[in-house]
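Trainee: What follows is a predicted protein model with its sequence.
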Amino acid sequence: MTKQEFLDELRSRLSKLPSKDAEEHINFYSEMIDDRKEDGISEEDAVAEIGSIDEIAAQIASDFSLAKNEKTADEPKRKLKTWEIVLLVAGAPIWVSLLAAAVVVVISGYASIWAVLVAFWASFGEIIVISLGCIASGVAIICIADISTGFIMISYGLVMGGLSIFLFFGCKASTKVIIKLTGKVFSTVKRKLKNKEAM
């Protein structure tokens, strides 16, 4: 491959780079070939010694992408203007109290959800206790006094026991939903905080 063919191919491969950066690299490799020719190496051998054009183009593109990312990271963040700082300070009593109120509302709402869930589980426990109490009372009444009243109490206890099964599955499903929702909220907050720290 001749020097001109190499440079033309390299220019084609670097077409996505800004023209100034592409030309800098092309000039660099042009001078490198000329230096080797001055050392007595033929043009084709000088081009061959530089290496594969695929590897060179890939390395240049990679270096350019890395440099671009570093430049973006090094760019200073936008500074607040004087009037923005004045507005923030002057409005602090309003926006701080509104923010605090919003936080309190969110925490209260979250606590209320858990309070309802605890109430459901407490109701489930009470129904189980009532069911067992009715069955035990029914057995005692059958043994001591009235058989029909005893069977009514046992039936009532069994109905309550059946109801407690439905309530158990409802409480279990509600708990899973709330725990899953809590996990999502915490992971979202954590991700946003990490993104802020990265910025």
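Mentor: Yes, it's here.

Trainee: In the protein, what residue spans correspond to helices?
Mentor: Taking DSSP state H, the helices of the chain run over residues 3-13, 19-38, 43-50, 53-74, 82-90, 92-144, 147-198.

Trainee: Any idea which of the ones you listed has the lowest pLDDT on average?
Mentor: Lowest mean pLDDT within these: helix 53-74, a mean of 69.

Trainee: And Ile179, how far from Phe168?
Mentor: 16 Å (C-beta to C-beta, to the nearest Å). The way it works is simple: take the backbone N, C-alpha and C, and place the C-beta from them, glycine included.

Trainee: out of these two, which sits in the busier spot?
Mentor: It is Phe168, of Ile179 and Phe168, that has more neighbours when counted by other C-beta atoms under 10 Å, with 15 against 11.

Trainee: any idea how this protein splits into domains?
Mentor: Split into domains by automatic domain parsing, the chain comes to 3-74, 110-198.

Trainee: Quick one: closest of those to Leu87.
Mentor: Leu87 sits nearest to domain 110-198 of all the domains of the chain, at 21.7 Å, using C-beta to C-beta.

Trainee: Name the residue most distant from the centre of the chain?
Mentor: Largest separation from the mean C-alpha position in the chain: Ala145, at 66.5 Å (C-alpha atoms, centre = their mean).

Trainee: With Val104 as the reference, measure out to Tyr110.
Mentor: Using C-beta to C-beta, Tyr110 is found at 11 Å from Val104.

Trainee: Between these two, which is the more surrounded one?
Mentor: Of the pair Tyr110 and Val104, Tyr110 is the one with more neighbours under other C-beta under 10 Å, namely 14 against 10.

Trainee: Could you check how far stretch 27-36 is from the centre of its chain?
Mentor: On the basis of C-alpha atoms, centre = their mean, to the nearest Å, stretch 27-36 sits 49 Å off its chain's mean C-alpha point.

Trainee: Same question for that stretch: list its buried residues.
Mentor: Judged by neighbour count using 16 or more other C-beta atoms under 10 Å, the buried positions of stretch 27-36 are Tyr29, Ser30, Ile33, Arg36.
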